[in-house]
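[1] everything below, folded, please.
(one chain, ligands or ions: 1)
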Amino acid sequence: MDDEQSPTATWQAKHRELYEQATRHSFILSIRDGTVDFSSFKRWLGQDYIFVKEFVPFVCSVLLKLQKESEINSDKEIILGGVAALSDELSWFKNEASKWGVDLCGITPFTANTEYCRFLQSFGPLDVNYTVAATAFWAIETVYQESFSFCIEGDHKTPTELLGTCQRWGNSDFGQYCKSLQEIADRCLKKAPADVVRKAEEVFVSVLKHEIEFWNMSSSE
Ligand SMILES: Cc1ncc(CN)c(N)n1
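    Prediction:
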């Protein structure tokens, strides 16, 4: 049996502090302990809608890069599933926004969001490496999965109104999907040259920093 840690698990341990800040942010903890300020939640909702609209072309760009890697066919179904799920996700945002009285048309992205969206756009060109983009994809989805699943685990006091949101990313199917993305990233990283692995680690750290800034932006006035 191969008991060596996978590249992604190694990075999760190596960058533990940042990883915890991204997945156990005070905004998430306030949802879990029921003290969340609903105006922060509404701010997050509107800003995340803008982010997810930008996430669609990002995931499509991962799929396009995969198209060049002819031998990896099983990845295609998983990533295509991710693209399909985003259509449902955008509808969910519209529905949720109307429940909370958030006008999605009138929202201006805050700086942290603009910078994160710019980061997503940087993966667009076809010469950006598939392994690096797949690592970013896994990290982005996993931060949400680990954050929101924490709000519905164990002895939580998450407000009833927010349970749907937490289940959206915290449910076990989404957890399984993130595991599949992790397997894709690990398989690619294990056979990648050292410069690609180095770049992928940098990207992993950047995702964590952007996610922390995104939570900071949501929870501050
Ligand atoms: C900021 C952010 N990060 C991740 C996700 C999960 N797709 C999201 N919706 N928004």
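
[2] residue 68: how many residues sit nearby?
    Per other CB atoms under 10 Å, the neighbour tally for residue 68 reads 9. C-beta coordinates here come from the backbone N, C-alpha and C atoms, glycine included.

[3] same question for residue 91.
    10.

[4] check residue 164 too.
    Residue 164: 12 surrounding residues under other CB under 10 Å.

[5] again with the one 5 residues further on
    By the measure other CB under 10 Å, the count of residues near residue 169 is 21.

[6] any idea which helix or strand comes after the one helix or strand it maps to?
    Assigned by DSSP states H and E, residue 169 belongs to helix 160-170. As assigned by DSSP H and E, the chain's next helix or strand after helix 160-170 is helix 172-190.

[7] for that following helix, name the packing helices and strands.
    Under the contact criterion of 3 or more CB pairs under 8 Å, 6 or more residues apart in numbering; DSSP states H and E, helix 172-190 touches helix 7-14, helix 74-100, helix 130-150, helix 194-219.

[8] quick one, the first one and helix 172-190 angle?
    Using axes from the mean of the first three to the mean of the last three CA atoms, to 10 degrees, the inter-axis angle of helix 7-14 relative to helix 172-190 is 100 degrees.

[9] compute the inter-axis angle for the helix holding residue 169 and helix 74-100.
    Going by the same axes, to 10 degrees, helix 160-170 is angled at 170 degrees with respect to helix 74-100.

[10] ok, and what's touching helix 160-170?
    Helix 160-170 has contacts (CB atoms under 8 Å, 6 or more residues apart in numbering) with 31, 36, 38, 41, 89, 92, 96, 144-145, 147-153, 158, 174.

[11] any chance of the helices and strands packed on helix 172-190 in JSON lines, plus mean pLDDT and distance to the ligand?
    What follows is the helices and strands packed on helix 172-190, written out as JSON lines (pLDDT from 0 to 100; distance: least, CB to the nearest ligand atom, whole Å):
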{"stretch": "helix 7-14", "mean pLDDT": "98", "distance to the ligand": "16"}
{"stretch": "helix 74-100", "mean pLDDT": "94", "distance to the ligand": "7"}
{"stretch": "helix 130-150", "mean pLDDT": "98", "distance to the ligand": "4"}
{"stretch": "helix 194-219", "mean pLDDT": "98", "distance to the ligand": "4"}
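
[12] just these: most buried one?
    Neighbour counts (mean count of other CB atoms under 10 Å) averaged over each of the helices and strands packed on helix 172-190 peak at helix 130-150, with a mean of 24.

[13] which helices and strands does it pack with?
    Against helix 130-150 (3+ CB pairs under 8 Å, 6+ apart) you get helix 16-23, helix 26-32, helix 38-68, helix 74-100, helix 160-170, helix 172-190, helix 194-219.

[14] helix, strand, or coil at the closest residue to residue 57 other than its chain neighbours?
    Of all residues not flanking residue 57 in the chain, residue 124 sits nearest, at 7.0 Å (CB to CB, 6 or more residues apart in numbering). At residue 124 the chain is in coil, as set by DSSP: H, G, I helix; E, B strand; the rest coil.

[15] wait, doesn't residue 124 sit right on residue 62?
    No: at 10.3 Å, residue 124 does not count as touching residue 62 under the criterion of CB atoms under 8 Å.

[16] more crowded one of those two?
    Comparing residue 124 with residue 62 by other CB under 10 Å, the one with more neighbours is residue 62, at 21 against 14.
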